[in-house]
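S.K.: Below: sequence and its predicted model.
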Amino acid sequence: MIPPSELRSATRPIDPALKAVLANLKPGQRIRVTQTVRVGQQLWKTTVEGTFRDVNYLATGLACDRAADEPVVVATVHFTKPNSELSSITLDENSRIEAVAG
């Protein structure tokens, strides 16, 4: 396993503030996830709430060879939506997570 201090997304380091939020989340805690996706010239923002289950890191498979000492991983947050659907998202530089009261 790669130490958390060395984890980074596929394109850039995980934002320290986001990393701190992830480190403090507890299973069963309500969260709100907001992501912004750019498609062409448009920005689409989406928000979802649910119950936090876990966070782990997914090693990505790339279409090119990389140096063995340059792992590429993405943080993946697992949560349960209010309708009981199990869901997961991978985080990027446009992702925000916050704890929600209640």
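M.R.: That came through, no problem.

S.K.: can you give me the strands for the chain?
M.R.: Taking DSSP state E as the test, the strands found in the chain are 30-39, 42-59, 73-80, 86-90, 95-99.

S.K.: With mean neighbour count added, can I get these in CSV?
M.R.: All C-beta spots, glycine's among them, are computed from the backbone N, C-alpha and C. CSV is the format used below for the strands of the chain (neighbours: other Cβ atoms under 10 Å):
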stretch, mean neighbour count
strand 30-39, 14
strand 42-59, 13
strand 73-80, 18
strand 86-90, 14
strand 95-99, 16
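
S.K.: would you list those strands in a markdown table and tack on mean pLDDT?
M.R.: Listed next are the strands of the chain as a markdown table, based on pLDDT from 0 to 100:
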| stretch | mean pLDDT |
| --- | --- |
| strand 30-39 | 92 |
| strand 42-59 | 90 |
| strand 73-80 | 87 |
| strand 86-90 | 92 |
| strand 95-99 | 92 |
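
S.K.: Nearest to L22 among those would be which one?
M.R.: strand 42-59 (5.1 Å; Cβ to Cβ).

S.K.: Mind listing the strands that closest one pairs with, and their directions?
M.R.: Note on strand 42-59: by DSSP bridges, its sheet partners are strand 30-39 (antiparallel), strand 73-80 (antiparallel).

S.K.: tilt between it and strand 95-99?
M.R.: Angle of strand 42-59 versus strand 95-99, following axes from the mean of the first three to the mean of the last three Cα atoms, to 10 degrees, is 80 degrees.
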